[in-house]
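*Asks:* Build me a model from this:
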Amino acid sequence: MLGNDRKTRIDELNGKLSVLRDERIRLENETRELAEKRDKLNDRARGVRVEIDEFRTQRDEVNSKVRDMKQRRNETTESIDEKIAEMRKAQEEYRSLLKKKPSQSHHALQEEVEHIDWEIQTTPTTLQEDRELVGKVKQLETQLIVHKKLERLKDKIADLRVQTRTMRFESHQLHTQLTANAQTAQGTHRKMLEKIAEFKALKAQADDVHKQYLQTRAKIKPVQEEAKTIVDQVLQLEGKIHADMQKEKEQSESVLRENLERQAKEKLKRGGKLSWEEFQLLAEKGMAE
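*Replies:* Predicted coordinates:
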């Protein structure tokens, strides 16, 4: 009766062990799936991180170009202001000198100077006449200097005006390129921010899944420990059952030997012939003779 109770108990424990085994397998599968999901999310996050670094590099390169262009534009603007100031100064000097402009043209004055020089060289004159001619040449040359200064100032003003227009065009070109690059940098920065948000979302998901992974994995150990306890109980019960069976076997064999011994003794009393087993049994007892 006791053996049946123990067998029933073993069946119950094996049933629990089967449930625990199924639960352990379920938890291990769930843990593996969570680990795979976490790893995939981390892989995606690493990929997005690479994109973030690429966008940051592109943005920084464009921003560097923008800074260089701003500096060049500012330098060009300063140069334009300097040229304008220089041109205004030349214009004022030109207007002031224009008031002293001779009535005769530069060409007429030059011809007159050359005529007097020729006259001095080819025509006999008195000392007084020479002095008068030389004095007249000096006056004419003074007037020529005014013409030359006016011409130089006029050329200078024209040259400064051309330089100013050229630099203004360059400044406009720089501003256009600067604006386009600044817009490109802003667009790249916006894409980078979007990728950063995506990276953070993926990392948050990965961290959440990892937390679930740790929680699920932590549930496996108690199941394993409970299963081990049950296995130990089953082994103990099976050991007791085996011991009981061994005891019953020994008791049965003892009864059998006693019956066999009694039968052998009775045969001896009757003068009957003993079997080999009966003879061995009585020999062990010292009763063979």
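
*Asks:* Looking at the protein, which helix is longest?
*Replies:* Secondary structure of the chain per DSSP state H: the longest helix is helix 127-270.

*Asks:* Which elements pack onto that one?
*Replies:* helix 2-98, helix 106-122, helix 276-284 (3 or more CB pairs under 8 Å, 6 or more residues apart in numbering; DSSP states H and E). C-beta: built from backbone N, CA, C; applies to glycine.

*Asks:* Nearest approach to K219 belongs to which of the ones you listed?
*Replies:* Smallest distance to K219 across those (CB to CB): 5.4 Å, for helix 2-98.

*Asks:* So what's the model's average confidence on that closest one?
*Replies:* When pLDDT is averaged along helix 2-98, the result is 91.

*Asks:* can you give me how far that helix is from the chain middle?
*Replies:* In terms of CA atoms, centre = their mean, to the nearest Å, the centre of helix 2-98 is found 5 Å from the chain centre.

*Asks:* What of stretch 92-107?
*Replies:* The chain centre lies 72 Å from the centre of stretch 92-107; the measure is CA atoms, centre = their mean.

*Asks:* Quote the end-to-end distance of it.
*Replies:* Taking CA to CA, to the nearest Å as the measure, stretch 92-107 stretches 25 Å from start to finish.

*Asks:* which residues are contacting stretch 10-24?
*Replies:* Identification of contacts with stretch 10-24 by CB atoms under 8 Å, 6 or more residues apart in numbering yields 220, 223-224, 226-227, 230-231, 233-234, 237-238, 241.

*Asks:* Let's have those residues in JSON lines, adding neighbour count and distance to T31.
*Replies:* Compiled in JSON lines, the contacts of stretch 10-24 are given as follows (neighbours: other CB atoms under 10 Å; distance: CB to CB, whole Å):
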{"residue": "I220", "neighbour count": "17", "distance to T31": "7"}
{"residue": "V223", "neighbour count": "19", "distance to T31": "12"}
{"residue": "Q224", "neighbour count": "14", "distance to T31": "13"}
{"residue": "E226", "neighbour count": "15", "distance to T31": "18"}
{"residue": "A227", "neighbour count": "18", "distance to T31": "16"}
{"residue": "I230", "neighbour count": "19", "distance to T31": "22"}
{"residue": "V231", "neighbour count": "14", "distance to T31": "22"}
{"residue": "Q233", "neighbour count": "15", "distance to T31": "27"}
{"residue": "V234", "neighbour count": "18", "distance to T31": "27"}
{"residue": "L237", "neighbour count": "18", "distance to T31": "32"}
{"residue": "E238", "neighbour count": "13", "distance to T31": "32"}
{"residue": "I241", "neighbour count": "17", "distance to T31": "37"}
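
*Asks:* Of all pairs in these, which one spans the longest distance?
*Replies:* Maximum pairwise distance among these (CB to CB): 30.9 Å, between I220 and I241.

*Asks:* if I look at H107, how far off is K156?
*Replies:* Here H107 is placed at a distance of 21 Å from K156 (CB to CB, to the nearest Å).

*Asks:* got it, and K247?
*Replies:* Distance from K247 to K156, counting by CB to CB: 132 Å.

*Asks:* again with A197
*Replies:* On the measure of CB to CB, A197 and K156 end up 60 Å apart.

*Asks:* Those two: which is more packed in?
*Replies:* Set A197 next to K156 and count neighbours by other CB atoms under 10 Å: K156 wins out with 17 against 11.

*Asks:* On the pLDDT front, check K267 for me.
*Replies:* If you check K267, the pLDDT there is 67.

*Asks:* from now on call the first residue 330
*Replies:* Renumbered: residue one is now 330, and that last one reads K596.

*Asks:* And K429, its phi and psi?
*Replies:* Torsion angles at K429 (phi, psi; degrees, to the nearest 10) stand at phi -100, psi 10.

*Asks:* quick revisit: could you dump the helices and strands packed on helix 456-599 into JSON lines with distance to T545 and mean neighbour count added?
*Replies:* As requested, those are exported to JSON lines (distance: least, CB to CB, whole Å; neighbours: other CB atoms under 10 Å):
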{"stretch": "helix 331-427", "distance to T545": "5", "mean neighbour count": "15"}
{"stretch": "helix 435-451", "distance to T545": "103", "mean neighbour count": "13"}
{"stretch": "helix 605-613", "distance to T545": "65", "mean neighbour count": "14"}
